[in-house]
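Asks: predicted coordinates and the sequence they were generated for:
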Amino acid sequence: MRVLGIETSCDETAVAVYDSARGLEAHTLHSQVELHAPYGGVVPELAARDHLRKLPSLLEKILGKRLERPPVDAVAYTAGPGLIGALLVGAAVGRSLAYAWRVPALGVHHLEAHLLAPLLEPEPPQFPFLALLVSGGHTLLAEIEALGRYRILGQSLDDAAGEAFDKTAKLLGLGLPGGPQLAALALRGRPDVFRFPRPLTDRPGLDFSFSGLKTAVVVAIRGRTLDEQARADVARAFEDAVVDTLAIKCARALAATGAGTLVVAGGVGANQRLRARLQALGAGSGARVVFPRPEFCTDNAAMIALAGCLRLQAGEHDGLAVQARARWPLAELTAPGDAGARQA
Ligand code: KG4
Ligand code: ZN
């Protein structure tokens, strides 16, 4: 089955084609980072309009100009969670293409797609596995038993890890996207000049809390003029605190579940220090640690096409209505065929 994937949940417009027999055939992406840069954050209305502006040329790039017959067997688009206007653009375009081509369409859960992104890699993990999802909007640890069977072990009680990176980057006067810019600055920072807390690691449990960490940075730099080295030192200490916290919780989750594989997904999974730290954790504990390549950690359409393909192959598809959800808890997902699953 060949599936067209469309991602427009936030500030990346992306299109991909995944084939169940041949794997990923094509993918392309347009980042809106420059569009939103002057505003210091993503402006939802501008995001939606830009998705609409860019989708036609991205689709043409992937599918070609003249289509004599349907180029795919189905269409998958991100249906949530995300910015509602942005989501509706991808949903309307995806649903309309599927209607014109007389093929099924399916709205994909963005976080499920992140969790399944490692399956795009040459040596994909086998179910069941443990997953750490660290994106701009979510931080959670879950046991991934099968497609649609996700047992959430812990999650952020406030800010997501990516959000904490972005807010701290802003405090340090860095531009967008905050996470990668802070990580780049941290490369020049010295460890242990500043030290920030490892939130919720001093008590049992697998939940996260990152908003206090951002406050600790505010307190540390308040009233000080930071030179370039001091800013780098703060960035380094912040990154170390986040990486340490995530690694401590992953070690706990591996021990609690006895899982043999840890998958790391979502934008913060592109962070090199986190990747190195979790690889070391895996080496020490005998678990295999798997990451999508960095470009499939951050938002992309390859993961949407793949996640859509798995559910479409299992017989799921949506009706003709264009539907998207700004909020859509991962816990609401069901496995294909389970009670409450979307009907074929
Ligand atoms: O998964 P993603 O692309 O979008 C969401 O679904 O949220 O994640 C974006 C988040 C942003 O907060 C961004 O700053 C962060 O991932 N991020 C990073 C890095 N690359 C992206 N954070 C730290 N280090 C990175 N290299
Ligand atoms: Zn994402």
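Replies: Right, received. Where do you want to start? Quantities reported herein were computed from a predicted structural model and do not represent experimental measurements. Ligands and ions are numbered 1, 2, ... in the order given.
Asks: and the pLDDT for R325?
Replies: On the pLDDT scale, R325 is placed at 98.
Asks: any idea how far it lies from L106?
Replies: 14 Å (CB to CB, to the nearest Å). All C-beta atoms are positioned from the backbone trio N, CA, C, and that covers glycine.
Asks: higher neighbour count, these two?
Replies: More neighbours surround L106 than the other of R325 and L106, with 24 against 16 (other CB atoms under 10 Å).
Asks: residues contacting the closest residue to ligand 1 within the stretch 1-150 of the chain?
Replies: Nearest residue of the stretch 1-150 of the chain to ligand 1, counting by CB to the nearest ligand atom: G136, 2.7 Å away. The neighbours of G136, taking CB atoms under 8 Å, 6 or more residues apart in numbering as the test, are 10, 160, 162-163, 166, 179, 266-267.
Asks: quick one: which of those residues is nearest G282?
Replies: G266 (17.7 Å; CB to CB).
Asks: and that closest one, how many neighbours?
Replies: Applying other CB under 10 Å, I find that G266 has 28 neighbouring residues.
Asks: please apply the same query to K65.
Replies: So K65, with other CB under 10 Å, has 6 neighbours.
Asks: next, the closest residue to ligand 2 within the stretch 151-300 of the chain: secondary structure please.
Replies: Distance from ligand 2 to each residue of the stretch 151-300 of the chain (CB to the ion) is smallest for D299, at 4.4 Å. Here D299 is coil, with the state taken from DSSP: H, G, I helix; E, B strand; the rest coil.
Asks: likewise for V108?
Replies: Recorded secondary structure, V108: strand (three-state DSSP).
Asks: identify the residues contacting it.
Replies: The contact partners of V108, taken as CB under 8 Å, 6+ apart, are 5, 76-79, 304, 307-308, 311.
Asks: okay, R342: pLDDT?
Replies: According to the prediction, R342 has pLDDT 68.
Asks: whoops, I mixed them up, D338
Replies: Listed pLDDT for D338 reads 84.
Asks: mind checking what secondary structure it has?
Replies: Per three-state DSSP, D338 ends up coil.
Asks: numbering from 823 from now on, please.
Replies: In the new numbering, first residue 823, that becomes D1160.
Asks: pretty sure it sits against G970.
Replies: Yes - with contacts counted by CB atoms under 8 Å, D1160 reaches G970, the gap being 7.0 Å.
Asks: so between these two, which is more surrounded?
Replies: G970 (19 against 10).
Asks: ok, that one - contacts?
Replies: 934, 1133, 1155-1158, 1160, 1163.
Asks: which of those tops the neighbour count?
Replies: Of these, with other CB under 10 Å as the count, R1133 tops at 26 neighbours.
Asks: and that one, what element?
Replies: If you go by DSSP states H and E, R1133 is part of helix 1124-1135.
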